[in-house]
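[1] Any chance you could fold what I've pasted below:
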Amino acid sequence: MRQVDNDGMPTTNTAYRPHGHLDVLDGLPPDCRNAVMARCQRRAVAKGKAVWKQGESADYLIIVVSGKVISWHETPNGKAGTIGFWGPGDIVGLGDMGLSNVRQHTLRSLEPCSLLTLSFRDFEDVVRRFPDFSLRVIKAFSVRLRWVAQLAVALAATSAIERVCAILLALTQRFGIPHEQGVLIDLKLTNEQLAAICGISRQFANSTLQSLREQRLLAGAPGLILTDLAALERIAYNRQVSAR
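    I've put the predicted structure just below:
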């Protein structure tokens with residue numbers, strides 16, 4: 001029988017906790033958080049709209065308050081690839097603070113978003129005045145680098161199906177939430193976007209996801225629910241995974 005908590009919610013897989021994200025504002029002392037917020041401007045972005053475009057001049061970063069955004073990069077030969085998904089608590093745009101101050105990628109909303117914008121100049125001032133905020137940003141980027149490293153390992157997988165499974169597992173580390181059937185990827189991800197991340201065709205992504213559903217390793221339509229993480233790891237990394 002499925003267990004439930006005091007509120008009647010299923011407790012299956014509640015031990016699962018994603019570890020690919022750290023909210024940059026969460027846990028800050030009130031005076032520090034208030035100082036950061038005071039320097040920010042709030043911006044609402046409708047679903048599907050660009051926050052900024054690759055090649056534009058860059059003079060601010062964003063902190064996502066609600067909603068999710070996607071970033072992708074276009075190469076000189078016209079090929080484009082998804083390079084990240086970001087949600088509440090993520091800080092985006094610091095990579096454009098380099099010498100060129102030019103946007104290195106396009107950022108677009110996947111759903112209605114509420115954002116905080118913070119100029120690079122104000123960001124520099126705040127991190128100098130509030131070490132707690134500086135340390136939080138460093139920790140958030142440390143967590144993000146670990147997650148990006150997992151994506152890099154996933155993309156280095158030898159076969160396409162291994163890449164798909166590894167990318168799905170990596171996405172659970174950032175957007176996974178417990179579900180009665182397993183772990184739900186809380187991201188409105190299209191098969192075309194998944195294919196772009198994995199470097200495969202949309203048709204192959206479709207057939208791979210269908211195969212995983214037939215093996216009962218994946219559920220949800222629409223949506224992606226990973227029902228057996230250990231089995232997906234065995235496929236992704238071509239090895240036996242010890243029981244947890």
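[2] in stretch 219-236, what's buried?
    Using 16 or more other CB atoms under 10 Å as the test for burial, stretch 219-236 gives 219, 224-227, 229, 231-233, 235-236. Bear in mind the C-beta positions are built from the backbone N, C-alpha and C, glycine included.
[3] Let's have those in TSV, adding pLDDT and distance to A44.
    Below are the buried residues of stretch 219-236 laid out as TSV (pLDDT from 0 to 100; distance: CB to CB, whole Å):
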residue	pLDDT	distance to A44
A219	92	34
L224	92	28
I225	94	30
L226	95	32
T227	94	36
L229	93	36
A231	93	41
L232	93	37
E233	90	39
I235	91	41
A236	88	38
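[4] what stretches of this structure score poorly on pLDDT?
    1-20, 99, 157, 239-244 (pLDDT under 70).
[5] can you give me the helices in this structure?
    With helices called from DSSP state H, the chain shows them at 30-39, 120-129, 131-155, 160-175, 191-198, 202-214, 229-237.
[6] Residues in contact with the second one: which ones?
    Translated: helix 120-129. 35-36, 39, 58-61, 94, 97, 101, 118, 133-134, 137 (CB atoms under 8 Å, 6 or more residues apart in numbering).
[7] what angle sits between it and helix 131-155?
    Relative orientation of helix 120-129 versus helix 131-155 (axes from the mean of the first three to the mean of the last three CA atoms, to 10 degrees): 110 degrees.
[8] what do you get for the shortest one?
    Angular relation of helix 191-198 and helix 131-155 on a 0 to 180 degree scale: 90 degrees, by the same axes, to 10 degrees.
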